[in-house]
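Have a look at this prediction, sequence included:
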Amino acid sequence: MAATLARTESPSATRTAISINDVSVRFGEGRTELTALSGVSLDIPEGGFVTMLGPSGCGKSTLLRAIADLVQISDGNIAVLGRTPREAREARDFAFVFQDATLLPWRNTLDNVRLPIEVGKHAGADYEDPLKLLKMVGLEGRENALPHELSGGMRQRVAIARALVTRPRILLMDEPFGALDEITRDNLNQELLRIWQETGTTIVFVTHSIPEAAFLGQHVLMLKAHPGRVKEFMKVELPAERTLTMRDTVDFIKVTAHLRAMLEECL
Ligand SMILES: Nc1ncnc2c1ncn2[C@@H]1O[C@H](COP(=O)(O)OP(=O)(O)OP(=O)(O)O)[C@@H](O)[C@H]1O
Ligand SMILES: [Mg+2]
């Protein structure tokens, strides 16, 4: 039986976790200037799960990085739980999970998950128990394994556990399962949904997979390119509870067919 993590404050679906208002991001200057994002506006509800789709180069990573204060916006405004991205980063309101698990190779599983506690120790900080997290992501008993002794899917689980150790209210994930085989990806998708439901964390998740976007997302944000803009921000009309067998239903296929048509219009 998996460990559960109860949140002290219950998330409200009506509150906004991330508010993005008329955001543009430009890189470079003069003749080399490139507009990666232009006039992007949307509100991500607290406790929501938003998946982001769009052609390569349309600005998905840039938008995620702007929310995380890893990229400076040129115009507009982003509020993360009512704060600036910088304030939110300093308050550790969010954690980032990259495509590559980026674990420290000389540290075992448990010590990798513990890393944010050691790096950011400050008075009064409230951390999740790393052992409990490892249990939650199905890695109980692998505390002493080094990253090279784990499969790619296991390493991503460690990265997710590490991201959750600071109890972030928001999880930003950039193609975290992109390099994994389909079965492992299916398992991790289910695991992630369970974690999302147990913790009430707001999740923004970039993917290139239409079925993954539809399966995970309560909303799908579709971006189009040159410059990156919002093509569509749609509610996924499926029950909030998702099961893998649901992917064979007519309703699911309708959602993916719609997303495929939208994506084709973006190319
Ligand atoms: N630091 C940077 N400096 C200059 N240009 C950048 C930088 N980061 C991104 N870009 C450009 O901004 C645009 C959007 O890039 P971004 O990485 O956000 O796309 P993406 O949608 O995540 O693509 P992919 O699906 O391939 O990951 C691209 O044209 C890219 O070359
Ligand atoms: Mg990207």
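That came in fine, so what should we check first? Residues are numbered from 1 along each chain as shown. Ligands and ions are numbered 1, 2, ... in the order given.

Residue 221 bridge partners, please.
Listed by DSSP bridges, the beta-bridge partners for residue 221 are residue 52, residue 233.

what's the distance between it and residue 111?
In this structure, residue 221 and residue 111 are separated by 35 Å, where distance is defined by C-beta to C-beta, to the nearest Å. Backbone N, C-alpha and C define where each C-beta goes, glycine included.

okay, the two: which has more neighbours?
It is residue 221, of residue 221 and residue 111, that has more neighbours when counted by other C-beta atoms under 10 Å, with 25 against 16.

Next one: the more buried one from residue 236, what distance?
11 Å.

Likewise for residue 21?
The span separating residue 21 from residue 236 equals 24 Å under the rule C-beta to C-beta.

more neighbours, these two?
Neighbours were counted for residue 21 and for residue 236 using other C-beta under 10 Å; residue 236 has more, 23 against 14.

give the contact list for that one.
214, 217, 218, 219, 220, 255 (C-beta atoms under 8 Å, 6 or more residues apart in numbering).

Compute the number of surrounding residues for the fifth one.
Using other C-beta under 10 Å, residue 220 has 25 other residues around it.

tell me the pLDDT at it?
Among the per-residue scores, residue 220 holds a pLDDT of 98.

wait, what's in contact with it?
Under the criterion of C-beta under 8 Å, 6+ apart, the neighbours of residue 220 are 50, 51, 52, 53, 213, 214, 232, 233, 234, 236, 259.

nearest to ligand 1, of these?
The closest of these to ligand 1 turns out to be residue 52 (C-beta to the nearest ligand atom; 8.4 Å).

is it true that the closest one touches residue 60?
Yes - using C-beta atoms under 8 Å, residue 52 is in contact with residue 60, at 5.0 Å.

what's the overlap in contacts for these two?
Common neighbours of residue 52 and residue 60 (criterion: C-beta under 8 Å, 6+ apart): 206, 223.

Look at the residue nearest in space to the middle of the chain and give its secondary structure.
Closest residue to the average C-alpha location of the chain: residue 173 at 2.8 Å, with C-alpha atoms, centre = their mean. For residue 173, the secondary-structure state derived from DSSP: H, G, I helix; E, B strand; the rest coil is strand.

Look up how far residue 67 lies from it.
Separation of residue 173 from residue 67 (C-beta to C-beta) stands at 12 Å.

Kindly report the same for residue 103.
Relative to residue 67, residue 103 is positioned 23 Å away (C-beta to C-beta).

burial measure for the nearest residue to residue 84 once chain neighbours are set aside, as a count.
Nearest residue to residue 84, sequence neighbours excluded (C-beta to C-beta, 6 or more residues apart in numbering): residue 78, at 7.5 Å. Neighbours of residue 78 under the rule other C-beta under 10 Å: 20.

Same question for residue 89.
Residue 89 is surrounded by 17 other residues when neighbours are defined as other C-beta under 10 Å.

Could you confirm it falls within a helix?
Yes - Residue 89 sits within a helix when classified using three-state DSSP.

give the contact list for residue 131.
If a contact means C-beta under 8 Å, 6+ apart, then residue 131 has 110, 143 as its contacts.
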